[in-house]
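In: Need coordinates for the following:
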Amino acid sequence: MKKLLAFAVVAGGVFFVIKRNKDAKAEADLWREATAPSDNQVNGVSLNGSAPAATGANHN
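Out: Numbering: from 1, shown residues only. Below you'll find the model as predicted:
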């Protein structure tokens, strides 16, 4: 009976570690997707209606 209980405890621990790692990866993937820079420009025009930042060497 003690062997069965020990096996159940070990199996539960392994399951807990696997689940925790899977959840951590899902959370990291979500943050990576939410904070990734997006390419929201078409032909130099921003899709949100704002003017794009000036580029080039003519900055004062």
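In: Tell me, how many residues neighbour Asn21?
Out: If you count neighbours by other CB atoms under 10 Å, Asn21 ends up with 10. Glycine gets a C-beta too; all of them are placed from N, C-alpha and C.
In: go on, Val14?
Out: 10.
In: check which helix or strand covers it.
Out: Following DSSP states H and E, one finds Val14 within helix 2-35.
In: List the buried residues for that helix?
Out: The neighbour-count criterion (16 or more other CB atoms under 10 Å) identifies no buried residues in helix 2-35.
In: And the average pLDDT for it is what?
Out: For helix 2-35, mean pLDDT is 96.
In: can you confirm Ser38 is in a strand?
Out: No. If the criterion is DSSP: H, G, I helix; E, B strand; the rest coil, then Ser38 is coil and not within a strand.
In: so how far is Glu27 from it?
Out: 20 Å (CB to CB, to the nearest Å).
In: Over to Leu5?
Out: 33 Å.
In: again, but for Thr35
Out: 12 Å.
In: Kindly report the same for Gly13.
Out: 21 Å.
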